[in-house]
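Q: just coords:
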Ligand SMILES: [Zn+2]
């Protein structure tokens, strides 16, 4: 079955949600870049989460979900475009004694072993000239205890930054990366049917039902079937499913922009040493080579660069 993202509403419309199941896109990511098993599961969960968040926020731009780790994992990134094209990558900390484990690993150990790991969510608008919005949460709870998984971190993010009571669950293995998000509709705009108390009740009932979901069910069931099983009494209304897919936004032009930002001296020193500059996209593994001629063009074109074109790959 193809990848699928399914938005739904429950009962009188006081509760909304998104279910996502990534198979082909997740397989494609695994084919293109191998990661240690300890990171792979987290990357899968992050991929599913980036699609869930992009599906729940009304936003026209790129959603970037980052875990900035202070354990063996230095950085993990998942990006989702408005059309649910997605990519993800992770880098381990090299200058550290602790290696990324080769077995599925404990989230807190991997990302937050000293308690200073962070989760950063950036909404980068497609419209040129608009400022990106960034929300940051710690990987600890209010008492300073390390949160045990990514779902708990994102729940905290949605409560704090978006101020929407939310429940979510994520799971990934070597075949699929899946997630389920359930949210109480905001009161603003008079959306709550039957008043705020009724909306609270509807939401807690939905969370109660969603909490019965087992990891293997989340990983194996198609979103429609999942919703039928969990919410069969709640008159779930589903919207037309969308199809997430693997899509890397790298290009020779973007790599060129990155090299321009790196500066002429840096690029020329690599050229002098190796004869060409090779850049490999850390998301999809595509290689970009710049020889002397390319490099000369890179900086000659400096003068007629369109304004605002300073994004990196
Ligand atoms: Zn790429």
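A: The structure has been received and is ready for your questions. These numbers come from a predicted model, not from an experiment.

Q: Domain-wise, how is this structure divided?
A: 4-246, 252-304 (automatic domain parsing).

Q: Pull out the buried positions in the helix or strand where residue 204 lies.
A: Assignment of secondary structure by DSSP states H and E places residue 204 within helix 195-210. Buried residues in helix 195-210, counted by 16 or more other Cβ atoms under 10 Å: 199, 202-203, 205-207, 209-210. Quick note: C-beta positions are derived from backbone N, CA and C, even for glycine.

Q: likewise stretch 277-286?
A: So, applying 16+ other Cβ under 10 Å, buried residues of stretch 277-286: 277, 279, 281-284, 286.

Q: Buried residues, the helix or strand bottoming out on mean pLDDT in the chain. List them.
A: Across the helices and strands of the chain, mean pLDDT, DSSP states H and E gives its lowest value to helix 292-300, namely a mean of 85. For helix 292-300, the neighbour count (16+ other Cβ under 10 Å) marks 294-295, 298 as buried.

Q: List just the nearest of those to the ion.
A: Among the buried residues of helix 292-300, residue 294 lies closest to the ion (Cβ to the ion), at 18.1 Å.

Q: Now do the contacts for that closest one.
A: Listed by Cβ atoms under 8 Å, 6 or more residues apart in numbering, the contact partners of residue 294 are residue 256.

Q: So what sits opposite residue 85 in the bridge?
A: Taking DSSP bridges as the rule, residue 85 bridges to residue 245.

Q: The stretch 201-313 of the chain: strands as residue ranges?
A: 237-238, 245-246, 277-280, 287-290 (DSSP state E, counting those that start in this stretch).

Q: and for the last one, what are the contacting residues?
A: The reference is to strand 287-290. 250, 252, 255-256, 259, 267, 276-281, 298.

Q: all helices of the chain, in order?
A: Using DSSP state H, the helices found in the chain span residues 24-32, 37-56, 107-111, 150-157, 195-210, 215-220, 223-230, 252-262, 264-274, 292-300.

Q: Tell me which of the domains of the chain sits most buried.
A: Of all the domains of the chain, domain 4-246 has the most neighbours on average by mean count of other Cβ atoms under 10 Å, namely a mean of 18.

Q: ok, residue 233 to residue 169 distance?
A: 20 Å (Cβ to Cβ, to the nearest Å).

Q: For the ion, what is the nearest residue in the stretch 1-150 of the chain?
A: residue 87 (6.8 Å).

Q: In this structure that residue contacts residue 247, no?
A: Yes. Counting by Cβ atoms under 8 Å, a contact exists between residue 87 and residue 247, whose distance comes to 6.5 Å.

Q: quick one on the thing from earlier: ok, which of the buried residues of stretch 277-286 also contact the ion?
A: 281, 283-284, 286 (Cβ under 5 Å from the ion).

Q: Where do the strands of the stretch 1-150 of the chain begin and end?
A: Taking DSSP E, counting those that start in this stretch as the criterion, the stretch 1-150 of the chain carries its strands at 4-10, 15-22, 61-68, 73-80, 85-92, 118-125, 133-138.
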